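1. mind looking at a prediction? Sequence and model below.
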Amino acid sequence: MSKNIETHLHEKRIFKPSKEFSKQARISSMAEYKALYQESIDKPSTFWAREAKELSWQKKWTKVLNWKAPFAEWFVGGKLNVSESCLDQHLSTHRRNKAAIIWEGEPGETRTLTYLQLHREVCIFSNILLKQGIKAKDRVIIYMPMVPEAAVAMLACARIGAVHSVVFGGFSADSIADRIEDSGATAVITADGGYRRGKVVPLKDSVDAALEKQSGVKTVIVHQRTGGKIAMKKGRDVYWHEEAAQVSSVHEAKAFDSEHPLFILYTSGSTGKPKGILHSSAGYLTGAYTTCKYIFDMRDDDVYWCTADVGWITGHTYIVYGPLANGVTQVMYEGAPNYPDFGRFWDMVERHKVSIFYTAPTAIRAFIKAGDHFPEKHDLSSLRLLGTVGEPINPEAWMWYHEKIGGERCPIVDTWWQTETGAIMISPLPGVTPTIPGTATLPFFGVDAAILDENGNECGPNEGGKLVIRKPWPSMTRTIYKDKARFRKTYWKDYEGKYTAGDGAFRDRKGNFWIVGRLDDVLNVSGHRLGTAEVESALVEHNSVAEAAVVGRPHEIKGQGIVAFVTLKEGVLDSPELNQELRTHVAQAIGAIARPDEIHFAPALPKTRSGKIMRRLLKELVSSGKVSGNITTLEDVQVIEALQKSIAQAN
Ligand code: WTA
């Protein structure tokens with residue numbers, strides 16, 4: 001970690017928001033931020049009650065917070081319907097006929113849904129769900145392309161109180177099956193396919209394959225996106241449009257308790273299968289709403305665009321719940337950033353006059369590589385605010401974003417947060433915070449972030465440690481679905497009553513937070529979390545593989561690439577074909593994002609005398625080709641030499 005700190009210490013460039021931006025921003029001075037921040041920490045109930053009041057409630061809460069670490073309840077006694085805050089509440093205002101979603105398909109067609117139209121679609125789909133016998137608290141898997149129906153499906157689940165679990169459309173049939181099993185889902189909402197890089201992703205086929213293993217699913221609702229040929233199983237599968245013709249478009253939203261579960265989203269941890277991160281209703285929505293309002297400074301005349309997929313937490317909070325609760329107009333895009341070429345995003349920014357743009361560092365690096373001529377061809381003057389999320393942004397990427405996309409006029413909000421935190425936790429406020437390339441700067445309201453050392457003491461300036469949150473916040477995950485023990489063990493065991501994020505970080509002398517990266521065995525590939533254990537278990541499922549160890553290594557575009565070390569079963573010979581086959585096998589088992597960049601066959605893996613794989617050595621080997629430090633605990637030193645040779649050959 002110390003090397004990273006040194007690099008960051010050399011960063012002297014500081015960018016202050018322009019006077020024009022500050023003047024119009026919701027929070028426009030550091031003094032104002034500090035006063036509100038202090039209030040949010042000292043009197044969280046006062047601060048959050050004021051924010052939550054702006055949502056739509058059917059019954060007001062009696063108590064803002066019940067906190068019995070690590071379990072929080074927010075807005076206790078209150079009742080609301082999350083979809084009412086996102087839709088119904090706008091219908092009696094000037095937003096009724098305002099565009100909620102301007103959607104663009106990858107092939108180029110566009111569709112606009114006003115708040116009134118989106119509300120109607122959600123009501124219809126709510127009635128479809130009810131007709132299929134889906135009730136409050138039932139779990140529903142959503143496996144969709146990036147089409148408005150994905151948002152409609154989520155909002156309709158919320159409206160009837162069903163718990164959605166969105167599975168990213170790039171994940172495999174096995175991944176769907178695992179999530180169905182863990183969540184106990186009884187219904188799946190999917191599409192015949194979606195477009196990605198000019199090809200159809202056969203989503204329904206993957207669902208069919210998953211359901212061969214999972215018999216608990218009674219209903220599959222299929223949105224027709226491509227019109228391609230798919231199998232429809234009688235008694236189980238129905239078409240969305242056919243059902244829609246048979247139900248009413250009126251649906252009165254019933255209120256649910258503040259703590260009613262809203263969704264489960266699976267995310268990778270350092271061990272085992274992905275964890276079902278559970279979020280509840282009122283606190284989550286308050287976090288989503290408030291962060292959009294202050295950090296993205298959302299206004300009625302904005303056109304906002306978050307390029308994430310709804311399959312990730314960023315899509316949940318910053319495509320569906322946050323922007324809609326703010327009544328903003330947003331762009332939603334189905335396909336790849338480089339289809340038909342790397343100008344696609346900038347062409348869309350120009351055509352739709354996007355004013356707020358939120359993307360990931362990995363995308364920015366891919367754009368840099370593709371060349372400046374792509375953005376230069378387009379008029380990007382509508383942009384006024386930029387954001388990034390998902391991984392630490394390297395200063396080069398930050399500067400390019402600032403100059404080439406932001407025209408040196410747009411503040412950049414580098415937002416640190418996690419699936420578990422539900423909403424942005426550390427970020428500049430665009431009208432206030434001086435930004436420095438590479439730091440997410442200061443904590444958001446109500447976020448008591450700190451860096452602690454192994455003994456639980458707060459680290460001094462520029463001293464690396466563990467990033468923790470010391471107080472509960474409204475959008476925090478409530479638990480790991482059905483696994484409170486794992487919840488406690490994963491996030492709350494390091495320091496009593498404090499949330500450990502799993503990231504290493506340090507603060508500079510001004511108090512800015514610099515996130516260094518994961519401290520555990522979680523990889524961050526193109527801004528997406530992947531557990532080394534997941535990739536390893538996919539590898540050992542292959543009948544040629546005896547053992548596997550997976551580590552990350554720096555990758556120019558993806559942030560981290562995946563390197564696997566594999567020992568083969570007795571009698572199996574290594575070959576380039578087997579190497580390819582194993583890479584494909586992982587992609588099929590988990591999804592294309594998990595495909596290893598490199599696989600090294602090894603006679604043995606470096607282990608301690610007690611048989612534990614020494615990942616530290618493997619990490620060092622792949623990043624520098626050498627190992628330094630103590631290897632005396634290693635069982636067989638020759639293993640390292642063999643691996644070194646294999647890596648040298650591969651490069
Ligand atoms: C990383 C994504 C540095 C971090 C919203 C975290 C970041 C993990 C940033 C969560 C950032 C996210 N700077 N690192 N601005 N944002 N991360 O759950 O390691 O997919 O723990 O949530 O991404 O990933 P997740």
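-> It's in. Residues are numbered from 1 along each chain as shown.

2. please, which helix or strand holds Ser215?
-> Assessed by DSSP states H and E, Ser215 sits outside every helix and strand.

3. over to it: give its phi and psi.
-> Per-residue torsions, Ser215: phi -90, psi 0 (degrees, to the nearest 10).

4. show me what the longest helix anywhere in the chain is packed against.
-> In the chain, taking DSSP state H as the definition, the longest helix is helix 115-131. If contacts are counted by 3 or more CB pairs under 8 Å, 6 or more residues apart in numbering; DSSP states H and E, helix 115-131 sits against helix 89-91, strand 99-104, helix 148-160, helix 240-244. For the C-beta atoms, the positions are set from N, CA and C on the backbone; glycine is no exception.

5. give me whichever of these is most buried.
-> Most buried of the helices and strands packed on helix 115-131 by mean neighbour count (mean count of other CB atoms under 10 Å) is helix 148-160; its value is a mean of 27.

6. ok, which of the helices and strands packed on helix 115-131 comes nearest the ligand?
-> Closest to the ligand of these, according to CB to the nearest ligand atom: helix 148-160, at 17.2 Å.

7. so which elements touch that closest one?
-> So helix 148-160, by 3+ CB pairs under 8 Å, 6+ apart, packs with helix 82-83, strand 99-104, helix 115-131, strand 139-143, strand 163-166, strand 261-267.

8. just the angle between that helix and strand 99-104, please?
-> 140 degrees (axes from the mean of the first three to the mean of the last three CA atoms, to 10 degrees).

9. export only the CA atoms of helix 148-160, formatted as PDB.
-> Only the C-alpha atoms of helix 148-160 are listed here, as PDB (Å, rounded to 0.1, in the frame of the first residue of the first chain):
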ATOM      1  CA  PRO A 148     -37.100   0.100 -19.900                       C
ATOM      2  CA  GLU A 149     -38.900  -3.100 -19.100                       C
ATOM      3  CA  ALA A 150     -36.100  -3.900 -16.700                       C
ATOM      4  CA  ALA A 151     -36.900  -0.800 -14.700                       C
ATOM      5  CA  VAL A 152     -40.600  -1.500 -15.000                       C
ATOM      6  CA  ALA A 153     -40.100  -5.000 -13.600                       C
ATOM      7  CA  MET A 154     -38.100  -3.800 -10.700                       C
ATOM      8  CA  LEU A 155     -40.600  -1.000  -9.900                       C
ATOM      9  CA  ALA A 156     -43.500  -3.400 -10.200                       C
ATOM     10  CA  CYS A 157     -42.000  -5.800  -7.800                       C
ATOM     11  CA  ALA A 158     -41.400  -2.900  -5.400                       C
ATOM     12  CA  ARG A 159     -45.000  -1.900  -5.900                       C
ATOM     13  CA  ILE A 160     -46.500  -5.200  -4.900                       C
END
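
10. pull the distance from it to the chain's centre.
-> Remark: helix 148-160 is offset 18 Å from the chain centroid, using CA atoms, centre = their mean, to the nearest Å.

11. go on, stretch 358-365?
-> Relative to the chain's own centre, stretch 358-365 is displaced by 13 Å; criterion: CA atoms, centre = their mean.

12. will you turn the helices and strands packed on helix 115-131 into CSV that also has mean pLDDT and distance to the ligand?
-> Output for these, formatted as CSV (pLDDT from 0 to 100; distance: least, CB to the nearest ligand atom, whole Å):
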stretch, mean pLDDT, distance to the ligand
helix 89-91, 98, 26
strand 99-104, 98, 21
helix 148-160, 98, 17
helix 240-244, 98, 29
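
13. any idea which of these gets closest to Ala485?
-> Nearest to Ala485 among those is helix 148-160; the distance by CB to CB comes to 27.4 Å.

14. report the buried residues of the host helix or strand of Ile41.
-> In the assignment (DSSP H and E), Ile41 maps to helix 30-42. The neighbour-count check on helix 30-42 (16 or more other CB atoms under 10 Å) flags 33, 36-37, 40-41 as buried.

15. which other helices and strands does the very next helix or strand once past it contact?
-> The helix or strand immediately downstream of helix 30-42 is helix 44-52, counting by DSSP H and E. Here helix 44-52 touches helix 30-42, strand 63-68, helix 281-295, going by 3+ CB pairs under 8 Å, 6+ apart.

16. just to be sure, Val572 is in a strand?
-> No. Counting by DSSP: H, G, I helix; E, B strand; the rest coil, Val572 is not part of a strand but coil.

17. around the closest residue to it other than its chain neighbours, how many other residues sit close by?
-> Counting by CB to CB, 6 or more residues apart in numbering, Val572 lies nearest to Ser544, which is 4.5 Å off, once chain neighbours are set aside. Neighbours of Ser544 under the rule other CB atoms under 10 Å: 18.

18. and what of the one 10 residues further on?
-> Other residues near Pro554 come to 10 when the count uses other CB under 10 Å.

19. who does the strand or helix carrying it pair up with?
-> Following DSSP H and E, one finds Pro554 within strand 545-555. Partner strands for strand 545-555, per DSSP bridges, with pairing direction: strand 559-568 (antiparallel).

20. who does the helix or strand just after the strand it pairs with touch, helix- and strand-wise?
-> Note on strand 559-568: by DSSP H and E, the next helix or strand toward the C-terminus is helix 576-589. Helices and strands touching helix 576-589, by 3+ CB pairs under 8 Å, 6+ apart, are helix 532-541, strand 559-568, strand 598-601.

21. what is the shortest one packed up against?
-> I take that to be strand 598-601. Under the contact criterion of 3+ CB pairs under 8 Å, 6+ apart, strand 598-601 touches strand 559-568, helix 576-589, helix 638-650.

22. got the buried residues for the last one?
-> Taking 16+ other CB under 10 Å as the neighbour-count basis, helix 638-650 is seen to contain the buried residues 639-640, 642-643, 646-647.

23. and the stretch 251-400 of the chain, which residues reach the ligand?
-> Contact residues, the stretch 251-400 of the chain versus the ligand (CB under 6 Å from any ligand atom): 267, 312-314, 389-392.

24. what's the helix or strand for the residue in the stretch 451-600 of the chain positioned nearest to the ligand?
-> Proximity of the stretch 451-600 of the chain to the ligand (CB to the nearest ligand atom) peaks at Ile515, 3.6 Å away. Following DSSP H and E, one finds Ile515 within strand 513-518.

25. what angle sits between that strand and strand 545-555?
-> Computed by the same axes, to 10 degrees, the angle separating strand 513-518 from strand 545-555 equals 150 degrees.

26. give me the pLDDT for the residue sitting furthest away from the middle of the chain.
-> Most distant residue from the mean C-alpha position of the chain: Gly571, 42.3 Å away (CA atoms, centre = their mean). pLDDT for Gly571: 94.

27. Gly625 too?
-> If you check Gly625, the pLDDT there is 80.

28. export the buried residues of helix 30-42 to a markdown table and tack on distance to the ligand and pLDDT?
-> Below are the buried residues of helix 30-42 laid out as a markdown table (distance: CB to the nearest ligand atom, whole Å; pLDDT from 0 to 100):
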| residue | distance to the ligand | pLDDT |
| --- | --- | --- |
| Tyr33 | 19 | 98 |
| Leu36 | 22 | 98 |
| Tyr37 | 19 | 98 |
| Ser40 | 20 | 98 |
| Ile41 | 21 | 98 |
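
29. re earlier: and the helix holding Ile41, what does it pack against?
-> helix 44-52.

30. circling back to that earlier point, could you say which of the helices and strands packed on helix 148-160 is packed most deeply?
-> Greatest average neighbour count among the helices and strands packed on helix 148-160 goes to helix 82-83 (a mean of 29), per mean count of other CB under 10 Å.

31. looking at the stretch 301-450 of the chain, which residue is nearest the ligand?
-> For the stretch 301-450 of the chain, CB to the nearest ligand atom, closest residue to the ligand: Thr419, 3.4 Å.
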